[in-house]
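Let me see the structure of the following:
(one chain, ligands or ions: 2)
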Amino acid sequence: MSVTEAEVRAALARVVDPSRGTDIVSAGMLGGVSLTGSEVRVILEVDPAKGRAMEPVAKAAEAAVAALPGVTKASVMLTAHSDTPTAPAAPPNLRGAGHGHSHSHGGGAPGEPLRQAAKPQSGPIEGVDRILAIGSGKGGVGKSTVSANLAVALAAEGRRVGLLDADVYGPSQPRMLGISGRPSSPDGQTILPLRNHGVTLMSIGLLTPEDKATIWRGPMLMGALQQMLRQVAWGRLDVLVVDLPPGTGDVQLTLSQKAEVTGAVVVSTPQDIALLDAKKALDMFEKTNTPVVGMIENMSTFVCPCCGEETQIFGHGGARAEAERIGAPFLGEVPLDIDVRLSGDSGVPVVAAKPQSPQALRFREIARKLIGTGHA
Ligand SMILES: Nc1ncnc2c1ncn2[C@@H]1O[C@H](COP(=O)(O)OP(=O)(O)O)[C@@H](O)[C@H]1O
Ligand SMILES: [Mg+2]
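Ligands and ions are numbered 1, 2, ... in the order given. Next up, the predicted model:
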């Protein structure tokens, strides 16, 4: 049974903000609720001045939502609420990269100087030949897993590869690529990315503590995304793989406006319902003039590790059919496999952990197809 937005709101209505003595919903703090299957994300708008004091409230809200039946993951984000109309997005000050908490609370507050990047704000990124976005309409279909493995597979083919974790709401690449620590910024202008498995990574997850709610309003997150595109010393890259958040929102729009995305890959599971969402993603890429260079069916079939029997848990072949329908290349099927999950969760993608396994070979084949067509 999946949870409904009404149930989430009802649970939040039982969480009291002690500083006001009213519950957070009546206090008008609820900025949004988004559900992707059993994962719930809640945005609470708070007065930047009270940011730190609100963290226990955020924790309580998270616990209240997590306790609902049908919820596997609840995250609450605090964004700075301001009573004045939104000014042009003030990018959060990433200059403090490497120096602790500079950006966490109330950045971009009135009076704070707006730091202008010296580099151009749109068009191609210097030194980066291609940008390949990995998208899907829905969360949990394996975009991040595919992005990480594809990036490592492309590097194994000799490509110079960067990975931009554009899921600013729920970054997962630091964990998937086994990268921790904070990127440094010796000149206070450019951020030096970190590297593992032959892949250069930038993620907002490297700048914020994993277990802390961060106070960034939407426009500030988009500012952070732009900085991660343009103020990172990517070096010379054949391809920058971009791991998108689920859906068709701000990040996708910002990316298409602020960079020249040369191609998009849509990941779907074979389920009809996921495919329906994949169609939305396809539609969005069309609207933003981003060529869809292929589709991947993830969690395609399950091969029993004990008896070898193949089970089509989510059905099979839907993504291939959809690719044919829209005339996009079908890049391949990735099976549902315990090694794919375990290696992803442990920081060594399966392509690096078991390069000769059938699962790794699938990713490597997809990487070679993308190189062959000039998209990576
Ligand atoms: N082919 C697969 N086999 C097994 N587990 C997978 C596979 N693809 C993804 N997963 C697991 O499913 C979960 C969601 O995947 P993730 O890549 O984070 O999805 P998304 O980025 O689309 O939200 C993760 O725990 C991941 O390890
Ligand atoms: Mg993801």
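
Now do the strand or helix carrying residue 164: which elements does it pack against?
Assigned by DSSP states H and E, residue 164 belongs to strand 161-165. Strand 161-165 sits against helix 143-156, helix 173-176, strand 199-203, strand 239-243, with contacts defined as 3 or more C-beta pairs under 8 Å, 6 or more residues apart in numbering; DSSP states H and E. The way it works is simple: take the backbone N, C-alpha and C, and place the C-beta from them, glycine included.

distance between the helix or strand where residue 45 lies and the chain's centre?
Assigned by DSSP H and E, residue 45 belongs to strand 39-46. Computed by C-alpha atoms, centre = their mean, to the nearest Å, the chain-centroid distance of strand 39-46 equals 16 Å.

can you check stretch 329-344 too?
The answer for stretch 329-344 is 18 Å, by C-alpha atoms, centre = their mean.

what about that stretch, how long is it end to end?
26 Å (C-alpha to C-alpha, to the nearest Å).

so residue 245 touches residue 171, yeah?
No - taking contacts as C-beta atoms under 8 Å, residue 245 lies outside contact range of residue 171: 9.1 Å.

How about the residues of this structure by ligand 1?
136, 139-145, 172, 246, 298-299, 334, 336-337, 340-341, 344-345 (C-beta under 6 Å from any ligand atom).

So residue 305: helix, strand or coil?
Secondary structure state of residue 305, per DSSP: H, G, I helix; E, B strand; the rest coil, is coil.

show me where the stretch 51-200 of the chain has strands.
73-80, 131-135, 161-165, 194-196, 199-203 (DSSP state E, counting those that start in this stretch).

Going by neighbour count, which residues in stretch 367-376 are buried?
Neighbour-count burial for stretch 367-376, counted by 16 or more other C-beta atoms under 10 Å, picks out 367, 369, 370, 371, 375, 376.

Could you chop this structure up by domain?
5-80, 131-372 (automatic domain parsing).

Export the ones you listed to CSV and append columns for mean pLDDT.
Shown next, in CSV, are the domains of the chain (pLDDT from 0 to 100):
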stretch, mean pLDDT
domain 5-80, 86
domain 131-372, 90
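
Comparing the ones you listed, which comes out most buried?
Highest mean neighbour count of the domains of the chain: domain 131-372, a mean of 20 (counted as mean count of other C-beta atoms under 10 Å).

what residues are up against the residue nearest the centre of the chain?
When C-alpha atoms, centre = their mean is applied to the chain, the residue found nearest the centroid is residue 167 (2.0 Å). Shown in contact with residue 167 (C-beta atoms under 8 Å, 6 or more residues apart in numbering): 144, 173, 243, 244, 245, 251.

Which of these sits closest to ligand 1?
Closest to ligand 1 out of the contacts of residue 167 is residue 144 (3.4 Å), distances taken as C-beta to the nearest ligand atom.

nearest residue to residue 50 other than its sequence neighbours?
Using C-beta to C-beta, 6 or more residues apart in numbering and skipping the chain neighbours, the partner closest in space to residue 50 is residue 19 (6.7 Å).

My read is that that neighbour contacts residue 53, right?
Yes - using C-beta under 8 Å as the test, residue 19 is close enough to residue 53 to be in contact (6.5 Å).
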